[in-house]
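Colleague: sequence isn't available, so here's the structure alone:
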């Protein structure tokens, strides 16, 4: 599997957390069981307080799986998918 870091940002007017139904839907979407339906494994997530920016660390065979998984977030704002590596892999290969 390959590692990806995903960045999603939206403006405050389109914050999904403001709408209880939308927030619940997105939490459900981010569940490990749902992610696995897309061939994605969620390794970590965090929202930068006050900046309406979500970061995810995901593992998947192909970037297209990550892009498909992230489609619900695209309704609120742009998504950036970045190929990444675990720190152990970077050390083993001798650098970033």
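Modeller: Done, it's in. As the structure is a computational prediction, the values presented were derived from the model and not from experiment. Numbers count the residues shown, from 1 in each chain.

Colleague: would you mark the buried spots in the longest helix along the chain?
Modeller: Ranked by residue count under DSSP state H, the longest helix found in the chain is helix 20-29. Residues 22, 26, 29 are the ones in helix 20-29 that count as buried (16 or more other Cβ atoms under 10 Å). For glycine as for every other residue, the C-beta is placed from the backbone atoms N, C-alpha and C.

Colleague: quick one: the helix or strand just after it to chain centroid distance?
Modeller: Using DSSP states H and E, the helix or strand that follows helix 20-29 towards the C-terminus is helix 32-37. Centre-to-centre, helix 32-37 and its host chain are 13 Å apart (Cα atoms, centre = their mean, to the nearest Å).

Colleague: stretch 48-61 now?
Modeller: On Cα atoms, centre = their mean, the centre of stretch 48-61 falls 5 Å from the chain's centre.

Colleague: who's in contact with that stretch?
Modeller: With contact meaning Cβ atoms under 8 Å, 6 or more residues apart in numbering, stretch 48-61 is reached by 1-12, 15, 30, 35, 38-47, 66, 69, 73, 77, 84.

Colleague: all good on my end, thank you.
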